[in-house]
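Undergrad: the sequence isn't on hand, but the structure is:
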């Protein structure tokens, strides 16, 4: 790790809001749904799909969960109205998982039912370890009632993930596979980057061989390489998988993916609660801060 990256990872949680805002502004659509719609239209014109997400998680009151559910319905309706090539991502803690599990499931069920009605899709994001079992339980229940309209996320840095994939093989399978960003104890999560990458490829191959549709979510060029190799070796068609990337991250790589005939979905977050998201992303990927500094001072990458 470079000294710059080390300093970013250690200090980002204490950086003033205006500075974080400058670094992160290219990685968030804006504060309103109109911003997310505008960005999605631009990406659709470039041949890319999106998943729209309103920022916010780990709420403290159920009325906040209801408000986020209503926001989700508004997003689905906007996607349908504007004929966007997009779907919706939600977080269980955004819907009140840590407050009232049954009510949380009811709210998510309402969203997935609406997604089915308009022939769209809900991605139930994965959060930290205490929420993992409940999230997978929700996915199991919802996929029985709404196959084709709901999926979840599995994280390659968790030691449990290969077994989770096997355990979920008895039904409809639609996953986003990512490395994982939450800070988890070593007992539960691989820490070495090489171990995480090897587990990622192992999990991806297992998912494909079980017939899962996978959103290959990574900005790591080595993993993109491995995924493309697997796609070719297994003879998969373009409609059997997709790549996924965050808004604003490595636009050259995303062009390479699309130009090589692969489908790509961009994660488009928006909302007032952008600060925690931005700090997590900067901590995970200090390159964002490096890129912003180069732009600020007119420097070129050598």
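TA: Yes, it's here. Nothing here was measured: the structure is a model prediction, and the numbers come from that model.
Undergrad: mind checking the SS state of residue 58?
TA: Of the three states, residue 58 takes coil under DSSP: H, G, I helix; E, B strand; the rest coil.
Undergrad: how about the contacts made by it?
TA: When contacts are counted by Cβ atoms under 8 Å, 6 or more residues apart in numbering, residue 58 touches 93-94, 98. Heads up, the C-betas are built off the backbone N, CA and C, glycines and all.
Undergrad: how about a cut-off of 10 Å?
TA: Neighbouring residues of residue 58 by Cβ atoms under 10 Å, 6 or more residues apart in numbering: 91-94, 96-99, 127-128, 131, 276.
Undergrad: so the residue nearest the centre of the chain bridges to which residues?
TA: The centroid of the chain falls nearest to residue 267 when counting by Cα atoms, centre = their mean (6.1 Å). When assigned by DSSP bridges, residue 267 has beta-bridge partners residue 51, residue 246.
Undergrad: I'd say it and residue 246 touch.
TA: Yes: if you go by Cβ atoms under 10 Å, residue 267 and residue 246 touch, sitting 5.0 Å apart.
Undergrad: pull up the overlap in contacts between these two.
TA: With Cβ under 10 Å, 6+ apart, residue 267 and residue 246 have common neighbours 27, 217.
Undergrad: residue 152 and residue 131 touch, don't they?
TA: No: the pair residue 152 / residue 131 is not scored as a contact, 11.3 Å apart, by Cβ under 10 Å.
Undergrad: what mean pLDDT does stretch 199-218 get?
TA: Averaged across stretch 199-218, pLDDT comes to 98.
Undergrad: what of stretch 163-182?
TA: Averaging pLDDT along stretch 163-182 gives 96.
Undergrad: okay, how far is it across it, tip to tip?
TA: Using Cα to Cα, to the nearest Å, the end-to-end distance of stretch 163-182 comes out at 20 Å.
Undergrad: quick check: buried residues in that stretch?
TA: 164-165, 168, 172-180 (16 or more other Cβ atoms under 10 Å).
Undergrad: coming back round to it: pick the one among the contacts of residue 58 closest to residue 66.
TA: residue 96 (8.3 Å; Cβ to Cβ).
Undergrad: where does the prediction get shaky in the protein?
TA: Within the chain, the ranges that satisfy pLDDT under 70 run 1-25, 273-302.
Undergrad: so where do the helices sit in it?
TA: 3-11, 17-24, 33-45, 62-82, 101-117, 132-145, 161-167, 193-209, 221-234, 251-259, 274-284, 287-297 (DSSP state H).
Undergrad: show me what contacts residue 106?
TA: 65, 69, 95-96, 100.
Undergrad: scratch that, residue 153
TA: Neighbouring residues of residue 153 by Cβ under 10 Å, 6+ apart: 89, 91, 123-127, 132, 135-136, 139, 175-178, 180, 215, 217.
Undergrad: so what's it bridging to?
TA: residue 176.
Undergrad: now do residue 63 against residue 272, distance only.
TA: According to Cβ to Cβ, to the nearest Å, residue 63 stands 16 Å off from residue 272.
Undergrad: swap in residue 154?
TA: 29 Å.
Undergrad: my guess is residue 79 contacts residue 86. True?
TA: Yes: the pair residue 79 and residue 86 qualifies as a contact (Cβ under 10 Å) at a distance of 5.0 Å.
Undergrad: neighbour-wise, which of these two wins?
TA: Ranked by neighbour count (other Cβ atoms under 10 Å), residue 79 and residue 86 place residue 86 first, with 27 against 23.
Undergrad: look up the closest residue to that one, ignoring the ones flanking it.
TA: In space, and not counting its chain neighbours, residue 86 is closest to residue 50: 4.4 Å by Cβ to Cβ, 6 or more residues apart in numbering.
Undergrad: mind listing what that neighbour touches?
TA: Taking Cβ under 10 Å, 6+ apart, one finds 29, 36-37, 39-44, 79, 84-89, 244, 247, 264-268 in contact with residue 50.
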